[in-house]
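Engineer: next one to model:
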Amino acid sequence: MNQPLLSLVVPVYNVAPYLPRCLESLASLAPQPDEIIVVDDGSTDDCPAILAGFAPRLPQMRVIRQENGGLSAARNTGLDAARGKYLAFVDSDDFVSPDAYAEALRLAEDEQLDMVLLNANYHFENREMDYAIYADAEPTDVIPGCEWLRRRLRAGRFLHMVWMHLYRRDFIEANGFRFIPRLIHEDVIWTTQALLAARRVRYTGHIAVHYRIPLRSFTPEQSQRRLQAIIDSSVVNAEALGAMCATLNDDPELHRLLQHHMVDGALSVFHKLPKMSDRQAAAATLRRLRSDGFLSLLWRHARDSAQRRRVARHWLRSWLGGTGT
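Structural biologist: Numbers count the residues shown, from 1 in each chain. A predicted model of the protein is given here:
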């Protein structure tokens with residue numbers, strides 16, 4: 001049996017208002033993907049019915065249903081099921097361009113690429129105009145993934161979204177890449193480690209994906225849980241990036257750039273604490289960030305006096321009981 005050329009992995013969870021447009025865009029792709037693996041991660045809304053309704057238009061779609069395990073678990077299920085030579089992720093509240101992967105597949109085949117790096121639009125629900133995520137990046141020739149990472153870190157604009165790339169699946173499997181279950185912002189670790197491992201990548205600048213920025217509202221309890229989950233995940237991400245930095249001693253510039261990026265990103269957790277409705281929990285979280293060594297980690301990796309001042313300010317607040325930014 002011939003190997004499919006392209007597999008798309010589409011995690012789905014309670015996105016009924018957005019799922020039809022996503023599926024419409026998949027049905028309009030040219031060329032059509034050989035395999036669409038939809039992982040319904042325990043949806044309790046109309047998603048199952050919507051998927052069933054699209055089945056005649058997407059005969060290559062395979063729906064896998066599982067108990068809710070989160071986005072990372074759903075993507076891992078899709079990775080385990082995928083058979084294509086190349087693979088891309090599509091989030092089910094986004095939609096793709098009709099020619100999203102056509103050029104990327106050709107380049108991947110012709111140039112034996114590990115990853116093709118694509119672009120995307122921010123699609124705001126309350127605005128008429130979309131705009132590109134990477135408005136400043138020029139297309140590249142074939143380069144190592146670490147060189148693309150270096151260029152983006154130099155520019156101070158590196159986005160981790162996994163759905164902005166086409167991957168050679170053998171490259172993913174050879175490196176054993178999988179997502180960490182229940183982690184929020186799980187793309188941070190995946191994308192960084194993939195770029196560090198990839199020997200041949202190329203950035204095209206092509207707008208492949210339209211990334212929906214929805215209008216959302218949360219109850220205080222929902223917001224509290226969400227903020228706590230973001231903070232906990234940010235700690236995991238910072239520790240993983242710190243470990244990656246330790247592998248870059250033979251590349252001092254990239255080592256320094258990744259350290260700065262890690263600390264800057266990790267410091268954003270301290271903007272989350274004042275937004276917590278449970279002030280006692282916020283103060284306890286700040287103390288835990290100190291006692292568990294998170295602030296020490298940031299201090300060790302801080303690259304300049306501005307970063308060190310920010311880390312020191314939060315360390316002092318952790319003793320005094322404040323949680324302000």
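Engineer: number of nearby residues for residue 211?
Structural biologist: Around residue 211 there are 19 other residues, counting by other CB atoms under 10 Å. C-beta here means a position set from N, CA and C on the backbone, and glycine is covered the same way.
Engineer: and stretch 90-99, how far from the chain's centre?
Structural biologist: A distance of 15 Å separates the centroid of the chain from that of stretch 90-99, by CA atoms, centre = their mean, to the nearest Å.
Engineer: and the helix or strand harbouring residue 227, what does it pack against?
Structural biologist: According to DSSP states H and E, residue 227 maps onto helix 220-245. Here helix 220-245 is seen to pack against helix 187-197, helix 252-267, helix 269-272, helix 279-291, helix 294-301 when contacts are counted using 3 or more CB pairs under 8 Å, 6 or more residues apart in numbering; DSSP states H and E.
Engineer: switch these over to CSV; also include mean neighbour count and distance to residue 246.
Structural biologist: As requested, the helices and strands packed on helix 220-245 are exported to CSV (neighbours: other CB atoms under 10 Å; distance: least, CB to CB, whole Å):
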stretch, mean neighbour count, distance to residue 246
helix 187-197, 21, 12
helix 252-267, 19, 9
helix 269-272, 19, 22
helix 279-291, 16, 21
helix 294-301, 19, 10
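Engineer: out of those, flag the one nearest residue 224.
Structural biologist: Of all the helices and strands packed on helix 220-245, it is helix 279-291 that lies closest to residue 224, at 7.0 Å by CB to CB.
Engineer: for the closest one, the distance to its chain's centre please.
Structural biologist: 27 Å.
Engineer: so where does residue 139 fall, helix or strand?
Structural biologist: Using DSSP H and E, no helix or strand contains residue 139.
Engineer: re the thing from before, could you dump the helices and strands packed on helix 220-245 to TSV with distance to residue 57?
Structural biologist: Listed next are these as TSV, based on distance: least, CB to CB, whole Å:
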stretch	distance to residue 57
helix 187-197	29
helix 252-267	40
helix 269-272	42
helix 279-291	47
helix 294-301	48
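Engineer: now the helices for this protein?
Structural biologist: For the chain, the helices defined by DSSP state H cover 19-27, 47-54, 71-81, 102-111, 145-155, 169-175, 187-197, 220-245, 252-267, 269-272, 279-291, 294-301, 305-320.
Engineer: follow-up on the earlier one: so which of the helices and strands packed on helix 220-245 is nearest residue 318?
Structural biologist: helix 279-291 (4.1 Å).
Engineer: list of residues touching the closest one?
Structural biologist: Applying CB atoms under 8 Å, 6 or more residues apart in numbering, the external contacts of helix 279-291 come out as 224, 228, 231, 235, 269-270, 273-274, 276, 295, 314-315, 317-319, 321, 323.
Engineer: for residue 13, give me its contacts.
Structural biologist: Residues in contact with residue 13 (CB under 8 Å, 6+ apart) are 40, 41, 42, 43, 47, 68, 71, 74, 92.
Engineer: in JSON lines: the helices and strands packed on helix 220-245, plus mean pLDDT and distance to residue 62.
Structural biologist: Shown next, in JSON lines, are the helices and strands packed on helix 220-245 (pLDDT from 0 to 100; distance: least, CB to CB, whole Å):
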{"stretch": "helix 187-197", "mean pLDDT": "97", "distance to residue 62": "23"}
{"stretch": "helix 252-267", "mean pLDDT": "97", "distance to residue 62": "36"}
{"stretch": "helix 269-272", "mean pLDDT": "94", "distance to residue 62": "38"}
{"stretch": "helix 279-291", "mean pLDDT": "94", "distance to residue 62": "41"}
{"stretch": "helix 294-301", "mean pLDDT": "97", "distance to residue 62": "41"}
